[in-house]
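K.L.:
this one's sequence-less:
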Ligand SMILES: O=C(C[C@@H]1CCCCN1)Cn1cnc2cc(Cl)c(F)cc2c1=O
Ligand SMILES: [Mg+2]
Ligand SMILES: [Mg+2]
């Protein structure tokens, strides 16, 4: 492809709102353009990378007998009402009406659609197991889209669904998928770890996420320094070992605490460590508000709340809701004398008494609040994130943290959808039983970004050759020089029989061309410059500074050697 004909709007400066490296480089290298928040157009070089990632995914799915389909993006609400998920999701599920006022969602995932697709077909155990997959656009109305394609609202996913007559068959496909994902993420050049994860409201109880290691990653991986334990922090159980530091019960005392709105400030004000403070959070669980109590040095784990209350529809209450319920701002709320909403507490809250908590009056706190005397706790539970260094469950060592980008996930779904949607098959005894399902996703557009996060330098992307937009960047340094243009044109015709070639034939200054070539990040470069008249060109790698001047008679061999040497 000639660069004078393609569309790669590289930028000199990057818009300030781009925070992650991949977001900056996607914009600077002219790979994406934002249409709206979290919604992007993929420009030519990005589209070519997506094609290659999708092709790798397709190959590995078909290798384990996955069968490709393409389901609709618009999903009729009736299906989500059958599965009970129409009300289980909040504003993240984009909903709309057609011209006849029929309700639809923009598909965030396709369990309901695929189950409705097979329930009229897969009626006999003889047709099982079967795995259907698609590579398709998804929509999830994220509250805070950010980091470009890492957390978009519209994104490309490979989603696969498998159907089985028994658990053993599901286990087999789950393992096949697990291994196929290993191959996919290895082939696209990612440094990744599979981790135990929380299956959330999707159902089932066995799931692994595939995490690309990157500091920008929003997920925290908990791993062990002495075992092969690895889990998403959302899932990592906190082992509660009682360690009561109780002091003699004291009288409840209300104190004025001007300007004290955080646990740390209250701790400083009271001259105690922040773990002696108890924070109160108000959470809306579907339509009911509850209070969660947690020690000042811990954070509430929203996924553990969703798992405990068995719903995805959980949101932190906003300031107005808190004011309406408790009559005070978030920094001054607490459990004392609160009886119109239920109070839940993290296990570790049991270890201390005579608590310092908000007084439900702005600018005031209580000292010496004690459970049973001053407030009731509905239930204690594991509602927090584990801290680095704490013991892992089952003596698997101490928790260590790493950031990850979730690029894939495999689930054992069980019969959650087949039962609710009446998708049954006749077993060997002719008895109707619900299909057993698995589902498996790869974030295709997110994988593109994750690769950039792991493969770049300060000048631009360094594509692994398996998914680079092109193989070779051919640059005529000064096409106004007849000898250079002629030789470059000749090499373009020659090289494109062996490689995908991007040919920079533009009448731009050399500096612009080299900057753009570094940004675009193709594995190997052939530069036609001043020595064109002697038939000498320069071959250069993008991943290191290795380069070599070579006569065009030897170019093919040298270029093959350079290309083979690149990862
Ligand atoms: O998508 C999955 C499970 C698997 C992942 C692999 C491919 C098949 N699905 C989980 N999940 C995540 N976010 C969602 C967001 C919305 Cl708004 C929704 F309505 C449903 C879901 C939802 O179900
Ligand atoms: Mg996640
Ligand atoms: Mg997930």
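P.N.:
Sure thing, it's come through. Keep in mind it's a predicted model, so treat the numbers as computed, not measured. Ligands and ions are numbered 1, 2, ... in the order given.

K.L.:
so what's the closest residue to ligand 1 within the stretch 401-550 of the chain up against?
P.N.:
Nearest residue of the stretch 401-550 of the chain to ligand 1: residue 441, at 2.5 Å (Cβ to the nearest ligand atom). Heads up, the C-betas are built off the backbone N, CA and C, glycines and all. By Cβ atoms under 8 Å, 6 or more residues apart in numbering, residue 441 lies in contact with 109, 157-160, 408-410.

K.L.:
near ligand 1, which of the residues you listed show up?
P.N.:
Among the contacts of residue 441, proximity to ligand 1 is found for 109, 159, 409 (Cβ under 6 Å from any ligand atom).

K.L.:
can you list these in a markdown table and add pLDDT and secondary structure?
P.N.:
As requested, those are exported to a markdown table (pLDDT from 0 to 100; DSSP: H, G, I helix; E, B strand; the rest coil):
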| residue | pLDDT | secondary structure |
| --- | --- | --- |
| 109 | 98 | coil |
| 159 | 98 | strand |
| 409 | 97 | strand |
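
K.L.:
for those residues, pick the one with the most neighbours.
P.N.:
residue 409 (23 neighbours; other Cβ atoms under 10 Å).

K.L.:
tell me the phi and psi of residue 324?
P.N.:
Note on residue 324: its backbone torsions stand at phi -60, psi -40 [degrees, to the nearest 10].

K.L.:
rewinding a little: between the ones next to ligand 1 among the contacts of residue 441, which is closest to residue 150?
P.N.:
Using Cβ to Cβ, residue 409 is the member of these that lies nearest residue 150, at 15.3 Å.

K.L.:
so what touches stretch 182-194?
P.N.:
Contacts of stretch 182-194 (Cβ under 8 Å, 6+ apart): 53, 56-57, 60, 178, 181, 208-213, 221, 223, 230, 402, 404, 407-408, 442, 447, 450-451, 454-455, 464, 466-467, 567.

K.L.:
ditto for stretch 244-262
P.N.:
By Cβ under 8 Å, 6+ apart, the list of residues contacting stretch 244-262 reads 265-266, 269, 329-332, 336, 350-354, 359, 363-370, 373-374.

K.L.:
around ligand 1, which positions in this protein sit nearby?
P.N.:
Residues of the chain lying near ligand 1 by Cβ under 6 Å from any ligand atom: 89, 92-93, 108-109, 140, 159, 202, 409, 411, 439-441.

K.L.:
mind running it again at 8 Å?
P.N.:
80, 85, 88-90, 92-94, 105, 108-111, 140-141, 157, 159-161, 200-202, 312, 409-411, 439-441 (Cβ under 8 Å from any ligand atom).

K.L.:
make a PyMOL selection of the buried ones in those.
P.N.:
Applying 16 or more other Cβ atoms under 10 Å to the residues of the chain next to ligand 1, the buried members can be selected in PyMOL as follows:
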select buried, resi 80+85+88+89+93+94+105+108+109+110+111+140+141+157+159+160+161+200+201+202+312+409+410+411+439+440+441
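
K.L.:
of the residues of the chain next to ligand 1, which belong to strands?
P.N.:
105, 157, 159-161, 409-411, 439-441 (DSSP state E).

K.L.:
is it correct that residue 440 is in contact with residue 177?
P.N.:
Yes. Here residue 440 reaches residue 177: they are 4.6 Å apart, a contact under Cβ atoms under 8 Å.

K.L.:
now the common contact residues for those two.
P.N.:
Residues touching both residue 440 and residue 177 by Cβ under 8 Å, 6+ apart: 160, 162, 410.

K.L.:
which non-adjacent residue is nearest the first one?
P.N.:
Read it as residue 160. residue 133 (3.6 Å; Cβ to Cβ, 6 or more residues apart in numbering).
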